[in-house]
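> All I have is the shape, not the residue letters:
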C-alpha cells in the first residue's frame with residue numbers, strides 16, 4: 001500500500017512539473033515589441049497610457065466609456081504611442097485591469113521611461129522561434145538542416161545495424177555449412193575405418 005501511495009505522488013509531481021514547464025515558456029508567443037528577459041509573460045502594462053496587452057490572447061485592454069475594452073489594436077487616440085520605445089511592465093496576474101488602480105499607482109514612476117531592449121532587436125537565439133523575429137527564417141532553415149542531418153545519421157546507423165545483422169547471419173550460415181561438411185567428412189572417415197578393419 002505504501003508503494004502504491006509513493007507511486008501516485010510521484011506521478012502527480014511529474015505531471016505538475018511538466019505542466020509548469022509548459023506554462024512557463026511562451027517565448028514564441030510574445031510580440032517582437034515586448035521586452036527581452038522573460039521566458040513567460042502573461043500581460044504587459046503600459047504606464048504611459050494606462051493600458052494592458054494580454055500575450056496569450058493577443059489583445060489590448062484599455063479603459064473607454066466607463067469600462068475596459070479589449071481589441072486587437074489600440075484605439076485612434078493612441079496613434080502616436082510607440083510600442084517599441086515605450087516602457088512595458090510584465091504583469092503575470094490574470095486580468096490585472098480589474099485591479100487597475102493598484103497597478104497605476106505601483107508603476108506611476110515608470111511613465112516616460114525608455115531603453116528597454118525589445119525582442120525584435122535581440123540576438124538571443126531563444127527568440128528566433130518567434131515568427132516575427134528578423135532571424136526566424138534563417139533559424140527555421142538551420143533547424144530543418146539540422147533535422148535532415150540527424151535523420152540521415154539515424155538512417156545510416158540503422159542501415160549499418162541491419163548490414164551487421166545480415167553479415168552475422170550469413171557468417172552463421174557459412175559456419176553451419178562448414179560444420180556440416182566437417183561432420184560429413186568425419187562420418188565418411190569413420191565408415192572407411194570400419195570397412196578397413198572389417199577386411200583385416
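Good, I have the coordinates. Everything quoted here is computed from the prediction, not taken from an experiment.
> gap between the closest residue to residue 131 other than its chain neighbours and residue 34?
Once flanking residues are discounted, residue 131 sits nearest to residue 28: 7.4 Å by C-beta to C-beta, 6 or more residues apart in numbering. (Each C-beta comes from the backbone N, C-alpha and C, glycine too.) As judged by C-beta to C-beta, to the nearest Å, residue 28 and residue 34 stand 11 Å apart.
> between these two, which one's more packed in?
Neighbours were counted for residue 28 and for residue 34 using other C-beta atoms under 10 Å; residue 34 has more, 24 against 14.
> Run a quick neighbour tally on residue 103.
19.
> Where does it sit, in terms of helix or strand?
Element membership of residue 103, judged by DSSP states H and E, is helix 100-106.
> and that helix, what other elements does it pack with?
Of the remaining helices and strands, none touches helix 100-106 by 3 or more C-beta pairs under 8 Å, 6 or more residues apart in numbering; DSSP states H and E.
> Touching it from outside, list them.
Identification of contacts with helix 100-106 by C-beta atoms under 8 Å, 6 or more residues apart in numbering yields 45, 47, 50, 63, 68, 89, 91, 96.
> Compare those residues and tell me which has the most neighbours.
Busiest of those [other C-beta under 10 Å] is residue 45, holding 24 neighbours.
> residues in contact with it?
51-52, 88-89, 91, 96, 103, 107.
> if we go to 10 Å?
Counting by C-beta atoms under 10 Å, 6 or more residues apart in numbering, residue 45 touches 51-53, 61, 87-91, 93, 96-97, 100, 103-104, 106-107, 110.
> So it, which state does it fall into?
strand (DSSP: H, G, I helix; E, B strand; the rest coil).
> tell me the phi and psi of the residue lying closest to it once chain neighbours are set aside?
Leaving aside its chain neighbours, residue 45 sits nearest to residue 89 (4.3 Å; criterion: C-beta to C-beta, 6+ apart). Main-chain torsions, residue 89, degrees, to the nearest 10: phi -100, psi 120.
> just to revisit the earlier point, ok, the residue nearest to residue 131 - contacts?
By C-beta under 10 Å, 6+ apart, the contact list for residue 28 reads 126-133, 136.
> Among those residues, which lie within helices?
The members of the contacts of residue 28 that map onto helices under DSSP state H are residue 136.
> Pull out the buried residues from the contacts of residue 28.
Buried subset of these (neighbour count, 16 or more other C-beta atoms under 10 Å): 127-128, 130, 133, 136.
> returning to what we had before: which of the contacts of helix 100-106 lies closest to residue 122?
In terms of C-beta to C-beta, no member of those lies closer to residue 122 than residue 89, at 18.4 Å.
> Against residue 134, how distant is the closest one?
Between residue 89 and residue 134 the distance is 25 Å, computed by C-beta to C-beta.
> Please apply the same query to residue 39.
21 Å.
> Endpoints of stretch 112-121, how far apart?
With C-alpha to C-alpha, to the nearest Å as the measure, stretch 112-121 spans 21 Å from end to end.
> Can you give me the buried ones in that stretch?
For stretch 112-121, a neighbour-count test (16+ other C-beta under 10 Å) marks 116, 118-120 as buried.
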